[in-house]
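Trainee: Please find the sequence and the predicted model below.
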Amino acid sequence: MKKLALVVFIFSNVIFAQNQKTPTVNDSEDASFEVVEEVPVYKGCNKKLVNAILKKCMSDKISEHIAKHFNINIAYNLGLPDGLVKINVFFKVDTQGNITKIKAKGGHRALEKEARRVIALIPKLTRPGYHRGKPVVVPYAIPIMLGIDNSEKDLERKK
């Protein structure tokens with residue numbers, strides 16, 4: 001049986017640097033975590049905290065959610081080589097706090113589909129992002145890394 005590890009990496013400069021054109025937000029644009037005045041709040045995070053702490057809390061909660069719900073068994077029969085498989089996942093938090101426009105890229109189509117499924121399970125956020133007193137759409141990205149180790153499978157074949 002293959003050993004498979006699910007690792008969710010959170011890099012604040014990768015995740016939150018979504019909109020680097022200018023540090024301003026127009027009404028028609030999405031507001032990145034870098035510039036939004038009040039970040040979206042994940043269930044269980046204290047919405048009275050400052051943005052920096054809320055960003056970390058949201059990242060931690062999303063990582064926990066992915067680790068809990070991602071079915072790593074899907075990767076067992078895909079014939080993936082040893083090493084890390086990276087799935088980049090992108091989504092938006094809409095003005096109601098819902099997760100929308102989920103996209104996944106990398107690894108394998110079956111893993112992309114699983115990543116989209118898991119992100120779609122994220123519950124509605126306690127609060128959407130706000131900028132200038134109005135709710136705004138906030139893009140979010142997170143890489144999911146799977147560690148593939150075929151050594152046990154290779155040993156089973158030799159027996």
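Mentor: Received, thanks. Residues are numbered from 1 along each chain as shown.
Trainee: in this structure, which spans are strands?
Mentor: When secondary structure is read from DSSP state E, the chain shows strands at 3-8, 83-93, 99-105, 129-131, 134-136, 138-149.
Trainee: Buried deepest among these, which one?
Mentor: Across the strands of the chain, averaging neighbours per residue (mean count of other C-beta atoms under 10 Å) puts strand 129-131 on top, at a mean of 23. Yep, even glycine has a C-beta here, placed from its N, CA and C like the rest.
Trainee: Residues contacting it, please?
Mentor: Outside strand 129-131, the residues within contact range by C-beta atoms under 8 Å, 6 or more residues apart in numbering are 25, 31, 33, 35-40, 93, 135-138.
Trainee: Lowest-confidence member of those residues, which is it?
Mentor: By pLDDT, residue 25 ranks lowest within the contacts of strand 129-131, coming in at 51.
Trainee: Contact partners for the nearest residue to residue 126 once chain neighbours are set aside?
Mentor: In space, and not counting its chain neighbours, residue 126 is closest to residue 41: 4.4 Å by C-beta to C-beta, 6 or more residues apart in numbering. Taking C-beta under 8 Å, 6+ apart as the contact definition, residue 41 lies against 47, 54, 58, 125, 126, 127.
Trainee: and the first one, how many residues sit next to it?
Mentor: Think residue 47. Counted with other C-beta atoms under 10 Å, the burial measure for residue 47 works out to 14 neighbours.
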